[in-house]
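Student: Sharing a sequence plus its predicted fold:
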Amino acid sequence: MDKKTIKKALDHIGRYKLLLALTIVLSAVSVALSLYIPIVTGHAIDLITSQTDTQELLSLLLGIVVVAGIAALLQWATGLINNAITYRVLRDIRNEAFEKIQSLPLSYLDVHSTGDVMNRVIADAELFADGLLMGITQLFTGVATIVGSLIFMVRVNAGIALAVVVLTPISLFIARFIAKHTHEMFVKQAEVRGRQTGFVDEMLTNQKVVRAFTREKRQLEDFDRINNELEHCSLRAVFYSSLVNPTTRFVNNLVYAVVALCGALICIGSGVGGAFTVGSLISLLAYVNQYTKPFNEISGVVTELENAVAGAGRLFALLAEIGQIPDNDDAYLLDDAQGDISIDNVDFSYDPQRELIKKLNLDVKKGMKIAIVGPTGCGKTTLINLLMRFYDVDKGSISVDGHDIRDITRHSLRRSYGMVLQDTWLRSGTIKENIAIGKPDATDEEIIAAARSSHAHGFIKRLPDGYDT
Ligand SMILES: Nc1ncnc2c1ncn2[C@@H]1O[C@H](COP(=O)(O)OP(=O)(O)OP(=O)(O)O)[C@@H](O)[C@H]1O
Ligand SMILES: [Mg+2]
């Protein structure tokens with residue numbers, strides 16, 4: 001497993017120290033209580049075999065019910081706490097991812113499909129959370145169960161306890177060995193899943209193009225290919241990882257059988273009324289069961305854990321992307337732009353291999369009206385991208401009112417432009433909210449005035465809810 005990913009996950013979980021401490025304490029208590037039950041059961045059995053009074057037996061049974069009840073209650077509480085930790089971590093990470101997306105240089109989105117990025121924030125984050133929940137639940141109760149049952153086992157019979165301790169971890173080694181070989185496949189699975197989401201996203205957003213060119217069948221074939229690939233690598237990943245649980249169970253069952261056999265022999269050897277009673281044997285076997293349970297459980301969820309680590313890896317890779325260069329601390333605040341723009345010896349290309357703009361010079365004075373005309377692909381939109389500082393120039397400089405735009409805060413620079421994009425984007429919300437996107441506190445009068453000046457007022461008024469549609 002990827003150590004860096006795990007370290008980052010731990011950093012995020014570590015923010016909830018109080019909840020973590022609480023869940024550790026509660027699981028320890030609940031485990032201790034459930035471990036206490038076999039002792040009482042053992043006593044009860046010895047009481048039955050030696051036929052002493054029923055009164056004592058009844059109170060023992062009542063004790064078992066109470067202890068088991070409290071243990072169950074605590075288990076429920078730790079479940080809630082573990083969920084609370086998981087969902088908080090998930091919320092934090094998604095917030096960070098969203099913030100990251102908004103601070104990434106636009107060039108990142110040029111080379112990563114929207115669907116793939118989306119998949120990281122939604123599906124990979126979900127996988128991570130599932131694994132995390134399982135991880136913290138299993139880890140704390142698992143460790144507590146192992147330590148606790150060990151202590152109880154040693155008290156009953158140290159020799160047998162030692163044998164169990166030595167034999168059980170064999171299953172862990174087997175689990176590790178298989179897990180090592182499946183990690184790669186889970187990473188591949190997460191990658192293909194990202195591609196699939198990307199494909200569906202592209203298909204949906206460009207459905208018109210697909211139909212216009214009657215590409216439905218081809219698209220279906222392409223989708224089929226990705227879908228089959230996903231099936232193939234998911235199955236391969238599951239094939240190996242699903243070997244883990246049966247293998248560990250097999251080993252642990254063998255250990256159990258050996259202990260039962262040896263225990264029975266010792267029990268018979270010590271005779272009726274000896275130190276090692278039937279009751280001791282039964283409680284010992286209960287502890288062996290408890291002791292091996294965490295090993296079985298951990299290996300049973302190896303698939304989910306591997307999946308989670310692969311998902312987390314992709315999510316953290318997004319978080320680790322380098323954001324755009326932040327504004328200088330002393331960056332200029334352009335609040336009353338005059339509109340003098342000068343482009344000075346600018347070189348720019350999206351891809352260093354393909355030159356686009358070379359030594360461009362342009363001087364525009366306040367109040368001038370300029371039209372930029374040229375064949376498609378000559379770089380008109382690119383020029384706008386540079387003016388808005390969606391991309392930084394490679395050489396030369398662009399300045400507004402005499403300030404290099406790299407020395408102006410991005411926020412104030414962009415607010416100084418009025419930009420009308422070719423593609424319209426309507427956000428989910430009312431018409432009013434859409435018009436006021438650049439000025440959320442605009443008054444109704446301002447919104448109506450804006451709509452009037454773009455000749456939209458009339459048709460908006462005819463809509464069922466007018467500006468609130
Ligand atoms: N995000 C990008 N990544 C890589 N190359 C790009 C990107 N955007 C545009 N290009 C390339 O840069 C060149 C200039 O594109 P640009 O969009 O500026 O042209 P344009 O003049 O606006 O064209 P049109 O008239 O079609 O709008 C084209 O060759 C285009 O393929
Ligand atoms: Mg263009």
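Tutor: That came in fine, so what should we check first? Ligands and ions are numbered 1, 2, ... in the order given.
Student: Check the burial of Asn228 by counting its neighbours.
Tutor: Asn228: 11 surrounding residues under other C-beta atoms under 10 Å. For every residue, glycine as well, the C-beta is placed using N, CA and C.
Student: Distance check, it against ligand 1.
Tutor: For Asn228, the distance to ligand 1 equals 31 Å [C-beta to the nearest ligand atom, to the nearest Å].
Student: Which positions within the helix or strand containing that residue qualify as buried?
Tutor: Taking DSSP states H and E as the criterion, Asn228 maps to helix 216-241. The neighbour-count check on helix 216-241 (16 or more other C-beta atoms under 10 Å) flags Gln219, Ile226, Leu230, Cys233, Ser234, Arg236, Ala237, Val238, Tyr240, Ser241 as buried.
Student: Show the contacting residues for the second one.
Tutor: When the contact criterion is C-beta atoms under 8 Å, 6 or more residues apart in numbering, the partners of Ile226 are Val192, Arg195, Gln196, Phe199.
Student: Excluding sequence neighbours, find me the nearest residue to it.
Tutor: Gln196 (5.0 Å; C-beta to C-beta, 6 or more residues apart in numbering).
Student: Over to the third one?
Tutor: In space, Leu230 comes closest to Val192 once its chain neighbours are excluded; the distance is 4.7 Å by C-beta to C-beta, 6+ apart.
Student: so what's the backbone phi/psi at Gly396?
Tutor: The phi/psi pair for Gly396 (degrees, to the nearest 10) reads phi 80, psi -160.
Student: residues near it, how many?
Tutor: Neighbours of Gly396 using other C-beta under 10 Å come to 16.
Student: ok, it touching Lys359?
Tutor: Yes. Here Gly396 reaches Lys359: they are 7.5 Å apart, a contact under C-beta atoms under 8 Å.
Student: Return the member of the buried residues of helix 216-241 nearest to Ala21.
Tutor: Closest approach to Ala21 among the buried residues of helix 216-241 (C-beta to C-beta): Ser241, at 32.3 Å.
Student: pretty sure Gly311 is in contact with Ile122, am I right?
Tutor: No. Contact between Gly311 and Ile122 fails when scored by C-beta under 8 Å: they sit 10.5 Å apart.
Student: More neighbours: these two, which one.
Tutor: Using other C-beta under 10 Å as the criterion, Gly311 and Ile122 rank with Gly311 on top: 28 against 13.
Student: related to what we said a few turns ago, could you export the contacts of Ile226 as JSON lines, including distance to Tyr417, pLDDT and secondary structure?
Tutor: What follows is the contacts of Ile226, written out as JSON lines (distance: C-beta to C-beta, whole Å; pLDDT from 0 to 100; DSSP: H, G, I helix; E, B strand; the rest coil):
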{"residue": "Val192", "distance to Tyr417": "41", "pLDDT": "93", "secondary structure": "helix"}
{"residue": "Arg195", "distance to Tyr417": "36", "pLDDT": "91", "secondary structure": "helix"}
{"residue": "Gln196", "distance to Tyr417": "38", "pLDDT": "92", "secondary structure": "helix"}
{"residue": "Phe199", "distance to Tyr417": "35", "pLDDT": "91", "secondary structure": "helix"}
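Student: still on that earlier bit, how about the buried residues of helix 216-241 in CSV, adding pLDDT and distance to Gln138?
Tutor: Listed next are those as CSV, based on pLDDT from 0 to 100; distance: C-beta to C-beta, whole Å:
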residue, pLDDT, distance to Gln138
Gln219, 90, 42
Ile226, 94, 33
Leu230, 94, 28
Cys233, 90, 26
Ser234, 90, 23
Arg236, 88, 25
Ala237, 84, 20
Val238, 84, 19
Tyr240, 80, 20
Ser241, 79, 16
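Student: From those, pick the one nearest Ile341.
Tutor: Nearest to Ile341 among the buried residues of helix 216-241 is Gln219, at 43.7 Å by C-beta to C-beta.
Student: I'd guessed the closest one sits against Arg211; true?
Tutor: No. Under the criterion of C-beta under 8 Å, Gln219 is not in contact with Arg211, lying 9.9 Å apart.
Student: Quick check: residues of the stretch 201-350 of the chain near ligand 1?
Tutor: Tyr350 (C-beta under 6 Å from any ligand atom).
Student: In the stretch 201-350 of the chain, what residue comes closest to ligand 1?
Tutor: Tyr350 (3.2 Å; C-beta to the nearest ligand atom).
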